[in-house]
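In: quick one, structure for this:
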Amino acid sequence: MEQERQSENNEKSISKPPNGPSVSENNERDHPSSEALSLPSFVAGSGTLDRLVDTARDYARAAASENTLKAYAKDWANFARWCRMKGAEPLPPSPEMIGLYLADLASGSGPFPTQSASRPLSVSTIERRLSGLAWNYAQRGFALDRKNRHIATVLAGIKRRHARPPVQKEAILAEDILAMVATLPYDLRGLRDRAILLLGYAGGLRRSEIVSLDVHKDDTPDSGGWIEIFDKGALLTLNAKTGWREVEIGRGSKDQTCPVHALEQWLHFAKIDFGPIFVGTSRDGKRASETRLNDKHVARLIKRTVLDAGIRSDLPEKDRLALFSGHSLRAGLASSAEVDERYVQKQLGHASAEMTRRYQRRRDRFRVNLTKAAGL
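Out: Numbers count the residues shown, from 1 in each chain. So this is what the prediction gives:
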């Protein structure tokens with residue numbers, strides 16, 4: 001399934017860079033946003049101000065999602081180790097060294113020769129790495145000029161030579177989701193996983209949005225939204241990647257495939273009336289715990305039920321697993337819902353119709369015929 005990258009070994013502390021703050025490597029890598037926030041040197045500390053500093057650090061940590069922060073931390077650890085191996089320091093930012101780092105990532109020669117897997121990274125991954133570096137430098141009080149010729153021209157060349165069309169995950173269509181939920185038992189875990197799949201599909205939800213839901217507003221500090229259940233359906237209020245949005249999920253044509261009914265069954269038998277909606281279960285599968293599920297559970301659930309349902313059985317198992325991910329639920333809704341595109345766009349929380357069309361794996365691309373409209 002999905003494998004976690006191994007975390008890097010701690011490096012030694014670095015000395016104070018010219019005209020820059022003194023920061024240890026551990027602080028740089030693990031807590032850049034919190035460590036970067038402090039009182040000015042000319043202001044005397046006090047109990048009130050110190051508490052405000054702690055509050056500001058909490059807000060700073062909430063500025064990006066946990067997954068984004070983890071990715072940025074790995075980006076920095078990777079770059080810092082690369083610099084050490086090249087006899088350089090990561091601070092202050094050097095456009096020349098960053099340009100060489102990007103070239104190393106694109107060429108497949110590194111960054112670490114001792115690692116067995118050193119294939120070239122994709123353009124999108126390299127751009128993500130660069131964004132991670134820019135974010136990390138900003139947290140340490142430095143500005144990274146991405147338009148500097150040593151960075152911009154190297155990146156432009158990488159895009160020109162290596163750019164490829166985006167690889168899209170396979171959409172889970174209506175018949176697929178029905179086959180997937182049919183593989184689940186009707187024990188407590190099965191009820192939970194059935195609700196996850198149906199709710200995620202009907203709502204076009206990201207896997208992080210699914211597991212971040214609470215029963216009520218403000219039940220937990222790490223809540224990403226809550227659900228209200230009505231006679232005609234459920235209303236989800238989400239604090240999502242693109243901001244707050246409401247997702248309306250109507251009741252299905254029959255209980256066996258209705259996402260709202262599946263959610264009600266899980267909440268009832270798991271005796272959940274407060275806190276996280278989707279939690280773990282005891283080893284015997286008879287009791288629900290209080291621990292919120294990790295979003296990786298959704299990805300593993302999708303891959304497992306895809307295999308159990310025999311979807312794309314024409315392919316080897318390894319290829320089938322690579323085709324499907326959490327995004328397959330969102331792509332499935334966009335591809336299967338035969339309604340006005342605007343409603344799908346609203347459900348997915350997209351800012352533009354063009355983004356929604358990227359999720360549609362099955363649509364009439366020539367419904368609007370500009371050739372005929374132009375008189376040909």
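In: with adjacent residues omitted, what lies nearest to the residue most central in space within the chain?
Out: With distances taken as CA atoms, centre = their mean, Asn67 lies nearest the centre of the chain, 6.0 Å away. Leaving aside its chain neighbours, Asn67 sits nearest to Ser208 (6.7 Å; criterion: CB to CB, 6 or more residues apart in numbering). C-beta: built from backbone N, CA, C; applies to glycine.
In: name the helix or strand for the one you found, please.
Out: Using DSSP states H and E, Ser208 sits within helix 207-211.
In: what ranges does the stretch 201-350 of the chain have for its helices?
Out: 207-211, 259-269, 295-308, 317-323, 327-336, 341-348 (DSSP state H, counting those that start in this stretch).
In: could I get those in a markdown table, plus columns for mean neighbour count and distance to Asp231?
Out: Converted to a markdown table, these look like this (neighbours: other CB atoms under 10 Å; distance: least, CB to CB, whole Å):
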| stretch | mean neighbour count | distance to Asp231 |
| --- | --- | --- |
| helix 207-211 | 23 | 23 |
| helix 259-269 | 20 | 10 |
| helix 295-308 | 19 | 28 |
| helix 317-323 | 14 | 38 |
| helix 327-336 | 24 | 23 |
| helix 341-348 | 18 | 20 |
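In: by mean pLDDT, show me the worst of these.
Out: For those, mean pLDDT drops lowest on helix 341-348, to a mean of 69.
In: same for the longest helix seen in the chain, what does it pack against?
Out: Ranked by residue count and defined by DSSP state H, the top helix of the chain is helix 66-85. In terms of contacts (3 or more CB pairs under 8 Å, 6 or more residues apart in numbering; DSSP states H and E), helix 66-85 is packed against helix 25-30, helix 95-107, helix 123-139.
In: can I get the helices of the stretch 201-350 of the chain in JSON lines with distance to Ser124?
Out: Below are the helices of the stretch 201-350 of the chain laid out as JSON lines (distance: least, CB to CB, whole Å):
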{"stretch": "helix 207-211", "distance to Ser124": "19"}
{"stretch": "helix 259-269", "distance to Ser124": "32"}
{"stretch": "helix 295-308", "distance to Ser124": "19"}
{"stretch": "helix 317-323", "distance to Ser124": "16"}
{"stretch": "helix 327-336", "distance to Ser124": "14"}
{"stretch": "helix 341-348", "distance to Ser124": "20"}
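In: quick one: closest of the ones you listed to Ile277.
Out: Among these, the nearest to Ile277 by CB to CB is helix 259-269 (7.1 Å).
In: and the contacts of the closest one?
Out: 188, 191-192, 194-195, 198-199, 201-203, 215, 227, 229, 233-234, 249-252, 255, 272-273, 277 (CB atoms under 8 Å, 6 or more residues apart in numbering).
In: show me which of those residues are buried.
Out: 188, 191-192, 194-195, 198-199, 201-203, 215, 227, 233-234, 249, 251-252, 272, 277 (16 or more other CB atoms under 10 Å).
In: how is this structure carved up into domains?
Out: Following the assignment in automatic domain parsing, the chain carries domains at 25-30+64-162, 174-359.
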